[in-house]
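**Student:** Mind looking at a prediction? Sequence and model below.
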Amino acid sequence: KAGVTQTPRYLIKTRGQQVTLSCSPISGHRSVSWYQQTPGQGLQFLFEYFSETQRNKGNFPGRFSGRQFSNSRSEMNVSTLELGDSALYLCASSQQAGMSTDTQYFGPGTRLTVL
Amino acid sequence: AQSVAQPEDQVNVAEGNPLTVKCTYSVSGNPYLFWYVQYPNRGLQFLLKYITGDNLVKGSYGFEAEFNKSQTSFHLKKPSALVSDSALYFCAVRDRNTGFQKLVFGTGTRLLVSP
């Protein structure tokens, strides 16, 4: 079974631009979460989606948004990019929402560099 | 609020020796605990989790972890380290009461196994 896939793997943008990152979960997984990883802040939770609905949101500004499609694929968008948005963005999938025992499986990440 | 502490930034061990990577947690109630490993330029790879039951949890690649409720710890162990185990290790906790998938991660411990 294929793992979580994320595209693109690398992105370079300039301040003020916007970016869209894509995530395809493991087949059969319906819950998708996003995390940001930076050297200074570590791994921080961004959002969780299930059945096209955002179930939970981390403490990030409104410039960060996401959505989930009917096939469970998810995208996240960052508008008006700032230098501090440079990070590795990780997507994770699990089988279903509401099951705290579920394991999240992570994709390889998208490395975003903001110049 | 739940939190995880990994008190060591780096652990050095010789190949063939046992290794321990420490993790302590702070949650209200009983925790769900996870260990992940990250290799350079890769996403997080699931190693093992504690949900309930036996305090000794066995996971992938010969790793195991011991849940100790009185010491609020969940240390990762391996009887005999390999050079290929060198990587960044993350401990994480999940709130079992909300049903959300969100993981709260520690700051990570870099494991360096020397030949």
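**Tutor:** Great, that's in hand.

**Student:** B:Thr20 and B:Tyr61, how far apart?
**Tutor:** According to C-beta to C-beta, to the nearest Å, B:Thr20 and B:Tyr61 sit 15 Å apart. Every residue, glycine included, has its C-beta placed from N, CA and C.

**Student:** What distance do you get for the closest residue to B:Ser84 other than its chain neighbours to B:Pro40?
**Tutor:** Spatial nearest neighbour of B:Ser84, excluding adjacent residues (C-beta to C-beta, 6 or more residues apart in numbering or on different chains): B:Val113 at 7.8 Å. The gap separating B:Val113 from B:Pro40 is 15 Å, by C-beta to C-beta.

**Student:** ok, how many other residues are close to residue 44?
**Tutor:** Unless you meant another one, I'm taking chain A. 16 (other C-beta atoms under 10 Å in any protein chain shown).

**Student:** that answer is for a different chain, and I need it for chain B
**Tutor:** The burial count for B:Leu44: 28, using other C-beta under 10 Å.

**Student:** pretty sure it contacts A:Phe106?
**Tutor:** Yes. Between B:Leu44 and A:Phe106 there is a contact under C-beta atoms under 8 Å: 4.1 Å.

**Student:** Give the residues shared as contacts by the two.
**Tutor:** Residues touching both B:Leu44 and A:Phe106 by C-beta atoms under 8 Å, 6 or more residues apart in numbering or on different chains: A:Leu90, A:Ala92, B:Tyr36.

**Student:** Among the residues you listed, name the buried ones.
**Tutor:** A:Leu90, A:Ala92, B:Tyr36 (16 or more other C-beta atoms under 10 Å in any protein chain shown).

**Student:** all helices of the chain, in order?
**Tutor:** Using chain A here. Under the criterion DSSP state H, chain A contains no helices.

**Student:** Please refer instead to chain B.
**Tutor:** With DSSP H as the definition, chain B shows no helices.

**Student:** And the strands in it?
**Tutor:** Secondary structure of chain B (DSSP state E): strands at B:3-5, B:10-14, B:19-21, B:24-26, B:32-38, B:44-50, B:56-58, B:64-68, B:73-78, B:87-94, B:104-105, B:109-114.

**Student:** Tell me which of B:Val113 and B:Pro40 has more neighbours.
**Tutor:** The neighbour count for B:Val113 versus B:Pro40, taken as other C-beta under 10 Å, is higher for B:Val113 (20 against 7).
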